[in-house]
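> The sequence and its predicted three-dimensional model are supplied below.
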Amino acid sequence: MAPPREWRWWPPASRWCRWACCCTAACGGWWWTTSAPASTGRAGARDESRPRHGARPRAPAQSRPWRTLRGKKWVIHRPIARPLRLALSSAALFAVGVAVVGPGCTPAVDDDDEASEGEGEGEGEGEGEGEGEPSTVTYYRDVKPLLEQKCLACHVGGGIAPFALDDPDAVLAMAGFLAGSVEARTMPPWMPGPRSPPMRDDFSLTDEQIGVFRAFADAVAGSAPDAQPLGDPADAPPPVPPQSFPLTDPDVTGTMAAPYVPTGLDTGEDEFRCFVVDLDVVDTDGDGLRTMIGYRFRPGNALVDHHAILRLYRRADLDQIRAVDDASEGPGWSCFAGDFPETVTIRSVGSIGSWTPGNEGVVLFPGTGVPVGIDPASLQPGEERGVVAVFSMHYNVLNVIGDDGNVDLAAAADESAVELYFAPDDDDDSLLRSFNLPRNMNPDLRRSPIPADATAHVVATTVPLADMAPGARTLIERARLSEVFATGVFAHGHRLLSRVELVADEGTADELVLLDIPAWDYDWQGQYIYVDAHALDVEAPITVRCTYDNSPDNRARVGLDPQSVVVTAGEGTGDEMCIVALQVVGRDPT
């Protein structure tokens, strides 16, 4: 025989009953406070039989026994007011008693039934909120896939990074450090900020992905050593293979003439060195130019190659370039900012691009290409056609210095190369040849040097797009262009540069941020290709703004002498510069 059922207070199933009781109580209270006889007997009480000004006469209240509108209150009249008020008041008091101190509307249940009932209610209410979502972030399920996609191009055994992240024990040991690095957005090293347009090959982390690293670090810190949140290896999703470079069979390959072993092996200091590389670019259609649609830099030594910038020069200047090379001991010559000492006046005729670790190669904006070569119209009498490249290399040697201080010279040698991919002859004419509009801020910086100890010294200028670079207006007018389409951007500066901004139509309804690097890092400068082409009027005002931090603390942080000194434009390590180049084409490539 089942035990007797007892009534209990506020059982879960009585929700609707309680709502009904509460509503009844509210309605009763409302009627109680608003109900009153039609005539109150107060001095000045209105005689309902008298018409208001401009209103038609109405029947007296007694002929309208149910209700009348007095101002904004519904009024109950004498014939029914007293019994109705009494009934509603009684119902209200009963409802209050039920809702607050009275028994509920459903019988009590056993503990087992109550538990199952609570589970069902929780499932119903929580449906859609974290359904199937695990409560703890684990290494195999959550962190390892992000490392594979965003980090292991560098942080792997034999890579340029100072430590590897391809082992779970290493990740556990560095969980807090990793979370701090990604929250500060110093890693992965993607410099364009959120104001910049969407870029191709963006390997920055989203806020959600950063949250995964933080949650994992918190889980590691809150777990016992024998219960770390590694998870189950079977939960790891299939490895995401790195995106393969889509171009094959390069048309031209240029390689350093000889291997080079960086200096600074005894101190661990970085080195910046330039090398001339001959390029056998064959002119196939007689116009002196080939259209490059992509390139791939082949680092000769992933242990020491930190980044590279590749520029083009006339073959006619090759003897002068080799003279600079011969004046330096060993292959190449020392260079930090520009490719040549300030005493050497050799002008670049173009750029291939740049390389940083993790970036296998660059494919230019679809439908566009970069001309490589020398326009026959610009050749001097008797000048040899063709171009050569200069590799501006940044070496970091810490990875080849052992814990005992010994150096593996064979492991330090570098012999890098570049592969160029040109458009087929049939497609060459259909591609839009892009050209660069570089704005060199060095003259502005010389007029406004960086004061000693300045933390945010700004050098800025605003010019029409057609006047961004020398000769740009002539080129634009010759092509009869009223607008151009930006497909990419490049920025260059030294160590005290802290922010770079490139904005079109700033401060207007048409404002377009073309590049915003809120935390400049000399070690990670590069070339960026837009996801979409951006139309710009040739007379649109373009603002270039460069901000510098010359404080002693920042100088020490970036490896400079923490002294109070005025800094101006120049090619030296302690000098500064700022160059922003916009890559454009004359028609919409899409």
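Looks like it came in fine.
> Would you verify that residue 354 is located in a strand?
Yes: under DSSP: H, G, I helix; E, B strand; the rest coil, residue 354 sits within a strand.
> May I ask you to confirm that it is in contact with residue 307?
Yes: the pair residue 354 and residue 307 passes the contact test of C-beta atoms under 8 Å, sitting 6.8 Å apart. For the C-beta atoms, the positions are set from N, CA and C on the backbone; glycine is no exception.
> any shared contact partners between those two?
Common contacts of residue 354 and residue 307, defined by C-beta atoms under 8 Å, 6 or more residues apart in numbering, comprise 525-526.
> So residue 258 sits against residue 331, correct?
Yes: the pair residue 258 / residue 331 is scored as a contact, 4.7 Å apart, by C-beta under 8 Å.
> Who has more neighbours out of residue 354 and residue 307?
residue 307 (24 against 21; other C-beta atoms under 10 Å).
> separation between residue 141 and residue 176?
20 Å (C-beta to C-beta, to the nearest Å).
> Looking at the two, which one has more neighbours?
Neighbour comparison, residue 141 and residue 176: the larger count goes to residue 141, with 20 against 15 (by other C-beta under 10 Å).
> Neighbour count: residue 258 and residue 331, which is higher?
With neighbours defined as other C-beta under 10 Å, residue 258 and residue 331 compare such that residue 331 has more, 17 against 11.
> Help me confirm that residue 217 is found in a helix?
Yes: per three-state DSSP, residue 217 lies within a helix segment.
> The chain should start at 32 in everything you say after this.
Understood, numbering begins at 32; the last thing we discussed is residue 248.
> Please give me every residue in contact with it.
Per C-beta under 8 Å, 6+ apart, neighbours of residue 248: 206-207, 209-210.
> Which one of those residues is nearest to residue 392?
Checking these against residue 392 by C-beta to C-beta gives residue 209 as the nearest, at 27.6 Å.
> With residue 211 as the reference, measure out to the residue nearest to that closest one when sequence neighbours are not counted.
Distances taken as C-beta to C-beta, 6 or more residues apart in numbering put residue 244 closest to residue 209, at 5.6 Å, once the chain neighbours are dropped. To residue 211, residue 244 is 9 Å away according to C-beta to C-beta.
> out of the two, which sits in the busier spot?
residue 244 (25 against 15).
> close enough to count as contact, the more buried one and residue 208?
No: the criterion here is C-beta under 8 Å, and residue 244 misses it with residue 208 at 10.1 Å.
> Can you classify the residue nearest to residue 209 as helix, strand or coil?
Of the three states, residue 244 takes helix according to three-state DSSP.
> what's the answer for residue 303, then?
Under three-state DSSP, residue 303 falls in the strand class.
> List the residues that contact the residue nearest to residue 209.
Per C-beta under 8 Å, 6+ apart, neighbours of residue 244: 174, 177, 206, 209-210, 213-214, 236.
> same thing but 7 Å
Contact partners of residue 244, counting by C-beta atoms under 7 Å, 6 or more residues apart in numbering, are 174, 209-210, 213.
> where does it sit relative to residue 174, distance-wise?
7 Å.
> so the closest residue to residue 621 other than its chain neighbours is in which element?
Closest residue in space to residue 621, ignoring its immediate chain neighbours: residue 564 at 6.0 Å, by C-beta to C-beta, 6+ apart. For residue 564, the host element (DSSP states H and E) is strand 558-568.
> name the helices or strands packed onto that strand?
Here strand 558-568 touches strand 514-524, going by 3 or more C-beta pairs under 7 Å, 6 or more residues apart in numbering; DSSP states H and E.
> could you give the mean pLDDT of the strand it packs on?
Computed over strand 514-524, the mean pLDDT rounds to 94.
> Run me through the strand neighbours of the helix or strand following it, direction for each.
Note on strand 514-524: by DSSP H and E, the next helix or strand toward the C-terminus is strand 528-535. When pairing is defined by DSSP bridges, strand 528-535 lines up against strand 543-548 (antiparallel), strand 572-579 (antiparallel).
> With mean neighbour count, mean pLDDT and distance to residue 511 added, can I get these in a markdown table?
Formatted as a markdown table, the strands paired with strand 528-535 follow (neighbours: other C-beta atoms under 10 Å; pLDDT from 0 to 100; distance: least, C-beta to C-beta, whole Å):
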| stretch | mean neighbour count | mean pLDDT | distance to residue 511 |
| --- | --- | --- | --- |
| strand 543-548 | 21 | 98 | 23 |
| strand 572-579 | 22 | 97 | 20 |
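> Make CSV from those strands and add distance to residue 604 to it.
Formatted as CSV, the strands paired with strand 528-535 follow (distance: least, C-beta to C-beta, whole Å):
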stretch, distance to residue 604
strand 543-548, 21
strand 572-579, 15
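> give the contact list for residue 323.
Taking C-beta under 7 Å, 6+ apart, we find residue 323 in contact with 400-401, 403, 451-453.
> same question, residue 171
Residues in contact with residue 171 (C-beta under 7 Å, 6+ apart) are 261-264, 266-267.
> Nearest to residue 198, out of those residues: which one, please.
Among the contacts of residue 171, residue 261 lies closest to residue 198 (C-beta to C-beta), at 11.6 Å.
> Not counting its neighbours along the chain, what's nearest that closest one?
Excluding the flanking residues, the one nearest residue 261 by C-beta to C-beta, 6+ apart is residue 170, at 4.7 Å.
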